[in-house]
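Q: Model the structure of this input:
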Amino acid sequence: MARLKTLGSRVKEGRGSRLKTITPGSWRSDKTSTQRGYGYKWQKARERYLLDNPLCVYCARQGLTVAASVVDHKVPHRGDQDLFWNQTNWQPLCKPCHDSVKQAEEAAGLAG
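A: Next comes the predicted model:
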């Protein structure tokens with residue numbers, strides 16, 4: 001039986017193992033997570049927020065009790081540091097809700 005030749009990857013990777021999914025021309029393009037505001041100060045604030053707000057708000061709306069692991073910005077901050085650090089713009093989400101429901105809302109223009 002003949003061996004199939006492998007196809008090269010059609011997805012370009014950034015540094016490390018994370019896939020580069022940032023749209024060219026985006027405020028995030030060519031910036032590290034730290035340059036976008038998600039450095040040590042954010043990690044500490046995120047940790048404190050999740051201690052005070054441990055449950056996913058999207059799951060709670062469905063009557064479920066699920067631990068939150070993501071601090072989401074209700075209104076996308078797009079680099080606006082005042083909006084980024086405004087805790088009234090934060091909400092606790094579980095990763096599945098953040099990566100599916102919230103992303104779909106943003107894509108549909110429903111976030112905020």
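Q: Could you pull out the helices in this structure for me?
A: Counting by DSSP state H, the chain has helices at residues 40-52, 57-61, 81-85, 95-96, 103-107.
Q: Pick the most deeply packed of these.
A: Among the helices of the chain, judged by mean count of other C-beta atoms under 10 Å, the one packed with the most neighbours on average is helix 57-61 (a mean of 16). For the C-beta atoms, the positions are set from N, CA and C on the backbone; glycine is no exception.
Q: ok, back up a step: may I see the helices of the chain arranged in CSV, with distance to residue 73 and mean pLDDT as well?
A: Rendered in CSV, the data for the helices of the chain read as follows (distance: least, C-beta to C-beta, whole Å; pLDDT from 0 to 100):
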stretch, distance to residue 73, mean pLDDT
helix 40-52, 11, 95
helix 57-61, 13, 97
helix 81-85, 7, 93
helix 95-96, 15, 96
helix 103-107, 10, 85
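Q: Out of the ones you listed, the one nearest residue 72 is which?
A: Ranking those by their distance to residue 72 (criterion: C-beta to C-beta) puts helix 57-61 first, at 8.9 Å.
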